[in-house]
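**Q** would you be able to build a 3D model of this:
(one chain, ligands or ions: 1)
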Amino acid sequence: MNILFVCLGNICRSPAGENIFRHAVKQAGVADQWEIDSSGTEAWHTGKGPDARMTKTLESRGIEVTGKARQISEQDLQDFDLILTMDNENFANVCKLDTKGHYGGKIKKFTSFCKQHTETEVPDPYYGGQDGFELVADMLEDGCTSIIETYSQ
Ligand code: 4NP
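**A** Residues are numbered from 1 along each chain as shown. Next up is the predicted model:
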């Protein structure tokens, strides 16, 4: 399966999702079943690596962090099987890209997979402190585990 994580800037939440998921599928022994990427609804940070605070948060959990920011395109809706948005604004903006209404079934809110967390959005950590980055990582680890349980064979 091809999975795409989507947030606003593609430097905090969605690259964290991408790297946490890549780590988790390796741990689960199902890495060969997945193609994994991330993107942002905005192009502000195109070409940049993940935010240093997000990188530090993940590396302290033993997770390797790679990737360069890019903006989501209409083509991504065709190419990916599962498109997971971090908050309601991301969800609305990705749905807007689906102008013909062909891909709605693939576009899902990431938090719908969380089992330990009841929040309905992964909150934007960009203007906050370290606690926000830890919460994002906790929520992403929770949902990624459940995505693997749901879709891996
Ligand atoms: P992300 O966080 O959407 O999780 O990558 C943000 C990154 C950058 C900005 C906002 C949120 N920004 O305003 O530049």
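**Q** which residues touch the residue nearest the centre of the chain?
**A** The geometric centre of the chain, computed from its C-alpha atoms, lies nearest to residue 5 (CA atoms, centre = their mean), at 2.9 Å. By CB atoms under 8 Å, 6 or more residues apart in numbering, the residues touching residue 5 are 13-15, 17-18, 21, 36-39, 84, 86, 110. C-beta here means a position set from N, CA and C on the backbone, and glycine is covered the same way.
**Q** return the member of these nearest to the ligand.
**A** Relative to the ligand, the closest of those is residue 13; by CB to the nearest ligand atom it sits at 3.4 Å.
**Q** look up how far the ligand lies from the residue lying closest to residue 48 once chain neighbours are set aside.
**A** Closest residue to residue 48 apart from its sequence neighbours, by CB to CB, 6 or more residues apart in numbering: residue 69 at 5.0 Å. From residue 69 across to the ligand, the span is 8 Å (CB to the nearest ligand atom, to the nearest Å).
**Q** same check, this time on residue 56
**A** Counting by CB to the nearest ligand atom, the gap from residue 56 to the ligand is 15 Å.
**Q** quick check: that residue is in a helix.
**A** Yes - counting by DSSP: H, G, I helix; E, B strand; the rest coil, residue 56 is part of a helix.
**Q** returning to what we had before: is any residue of the strand or helix carrying the residue nearest to the centre of the chain near the ligand?
**A** Element membership for residue 5 (DSSP states H and E) is strand 2-7. Yes - Strand 2-7 lies within reach of the ligand by CB under 6 Å from any ligand atom, at residue 7.
**Q** now the element after that strand, going C-ward?
**A** Next along from strand 2-7, by DSSP H and E: helix 13-27.
**Q** give me the packing partners of that following helix, helices and strands only.
**A** strand 2-7, strand 35-40, helix 52-59, helix 130-151 (3 or more CB pairs under 8 Å, 6 or more residues apart in numbering; DSSP states H and E).
**Q** gap between that helix and the chain center?
**A** With CA atoms, centre = their mean, to the nearest Å as the basis, helix 13-27 stands 8 Å off its chain's centre.
**Q** show me what from this structure comes close to the ligand.
**A** Taking CB under 6 Å from any ligand atom as the contact definition, the chain meets the ligand at 7, 8, 9, 10, 11, 12, 13, 44, 124, 126.
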